[in-house]
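Peer 1: Give me a model of this one.
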Amino acid sequence: MDAVVYKGPHDVAVEEVDEPTIEHPNDVLIDITTSCICGSDLHMYEGRTAAEPGIVFGHENVGVVTEIGDAVSDLEVGDRVVAPFNVACGFCENCENGKTGFCTNVNPGFAGGAYGYVAMGPYKGGQAEKLRIPYADFNALQLPKGDEHEDAFSLLADVFPTGWHGIELANFEPGDSVAVYGAGPVGLMAAYSAKIRGAAEIYVVDRVPSRLELAEEHCDATTINFEEGDPVEQIKEIHGGGVDCGVDAVGYQAVDSEKEGDGAYDPARENPAVVINNLIRTVKPTGELGIPGLYVPEDPGAPDDMASQGRIGIDFGLLFEKGQALGTGQCNVKEYNRQLRDLIVEGRADPSWLVSHRVDLSEAPEMYEAFDARDEGVTKVLLEP
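Peer 2: Residues are numbered from 1 along each chain as shown. Okay, here's the model as predicted:
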């Protein structure tokens, strides 16, 4: 079958690879109908992780069940499902507590597994024609048959739950004011989640005009371009002080507007701590920070030795002085995806506006290049085998 294979920094190719097989009685196989390119794929694509060539990318996957293992009881051939990007067993202590992003059984020596991602276990990605889903009764969320809401349902694998998780980590409550740094897919979904849940004011910070326009149009957000001035001061001037809570949807490859480089995303412009430190300044005393943006323990392309070890200079003294709290970590997708599916089915949420492109799998290399360049209008790319 064809699949998107990582060849090295800034190089992916669509190549023929072995088809998946049933490896355990709890497995199912699916024919992929949609797989998404995620912002976190770009960290591997850019050579900013320890990923080795040969990985089949793709952790946001929707498809139809074609084969089931003997121990699978709740799924049948023909069922349409979406797979959380987390691979989880469902019965370890963390899974029992709902922390499926930190399953201790699926990736020995590490807490958490995922499809097609460096250090997240042996699970091949779904930017391909077929995918194996382990512990399928637990991991595969059933969807209505047919192809209705395909774009929206594909976002249930990661970015919609992860955006929701971001404001959960920030302990958001209806009526709160919230600042979201980053208008990529996760940041936009965090802002959209805040809107659905009754935010009083939403501020979205980025530098890409088309993404800020989406935040304004679909999230009722006040948009802040950080290239035009200190985003903290811009927000405080409009809001009249610190906001109730904030979300970091950027992570370690954050651009610092005060640094110069050969291009907008030249690593020389990076400052891995800038977003967290801006959030500390943006959020009011005793407010809370949600950090679903990705940080890594090793970064081969880091701007300095400290950052290469995953260590960043957070203004912890100011955080302490303001009595703020913060929450971090990848999203436990199963904690939210069933309810978010039902919001979509009932017409109370439709995140499909995030999708900018649906293209054939063969076009993946070109779309990776465009998404990585943050080309105007390239917000969320869906691949269709």
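
Peer 1: Please enumerate the helices of the stretch 201-350 of the chain.
Peer 2: In the stretch 201-350 of the chain, the helices defined using DSSP state H, counting those that start in this stretch lie at 209-219, 231-239, 274-282, 305-308, 316-321, 337-345.

Peer 1: now the third one and helix 231-239, what's the angle there?
Peer 2: What that stands for is helix 274-282. 30 degrees (axes from the mean of the first three to the mean of the last three Cα atoms, to 10 degrees).

Peer 1: And the contacts of helix 274-282?
Peer 2: 179, 181-182, 205, 231-232, 235-236, 242-243, 246-248, 250-251, 254-256, 289, 291, 293, 312-315, 318-319, 322, 324 (Cβ atoms under 8 Å, 6 or more residues apart in numbering). All C-beta spots, glycine's among them, are computed from the backbone N, C-alpha and C.

Peer 1: Only C-alpha atoms, please: export the lowest-mean-pLDDT helix or strand in the chain in PDB.
Peer 2: In the chain, the helix or strand scored least confidently by mean pLDDT, DSSP states H and E is helix 305-308, which has a mean of 89. In PDB, the C-alpha atoms belonging to helix 305-308 read as follows (Å, rounded to 0.1, in the frame of the first residue of the first chain):
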ATOM      1  CA  ASP A 305      22.700  24.200  24.300                       C
ATOM      2  CA  MET A 306      20.200  24.700  27.100                       C
ATOM      3  CA  ALA A 307      17.200  24.400  24.800                       C
ATOM      4  CA  SER A 308      18.700  21.400  23.100                       C
END
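
Peer 1: Show me which residues of that helix are buried.
Peer 2: Within helix 305-308, the residues that count as buried by 16 or more other Cβ atoms under 10 Å are Ala307.

Peer 1: what's the closest non-adjacent residue to Val4?
Peer 2: Excluding the flanking residues, the one nearest Val4 by Cβ to Cβ, 6 or more residues apart in numbering is Gln127, at 3.8 Å.

Peer 1: residues in contact with the one you found?
Peer 2: 3-4, 35, 37, 56-58, 116, 361, 364, 383.

Peer 1: quick one, phi psi at the residue in the chain sticking out farthest from the centre?
Peer 2: No residue in the chain sits farther from the centre than Asp70, which is 32.7 Å out by Cα atoms, centre = their mean. The phi and psi values for Asp70, taken as degrees, to the nearest 10, are phi -60, psi -30.

Peer 1: CA atoms of stretch 185-193 as PDB?
Peer 2: What follows is stretch 185-193, C-alpha atoms only, in PDB (Å, rounded to 0.1, in the frame of the first residue of the first chain):
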ATOM      1  CA  PRO A 185      -5.000  24.200  14.400                       C
ATOM      2  CA  VAL A 186      -4.800  23.600  18.100                       C
ATOM      3  CA  GLY A 187      -4.900  27.300  19.000                       C
ATOM      4  CA  LEU A 188      -7.900  27.900  16.800                       C
ATOM      5  CA  MET A 189      -9.600  24.900  18.300                       C
ATOM      6  CA  ALA A 190      -8.800  26.200  21.900                       C
ATOM      7  CA  ALA A 191     -10.400  29.600  21.000                       C
ATOM      8  CA  TYR A 192     -13.400  27.800  19.400                       C
ATOM      9  CA  SER A 193     -13.800  25.700  22.500                       C
END
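
Peer 1: how distant is it from the center of its chain?
Peer 2: 10 Å (Cα atoms, centre = their mean, to the nearest Å).
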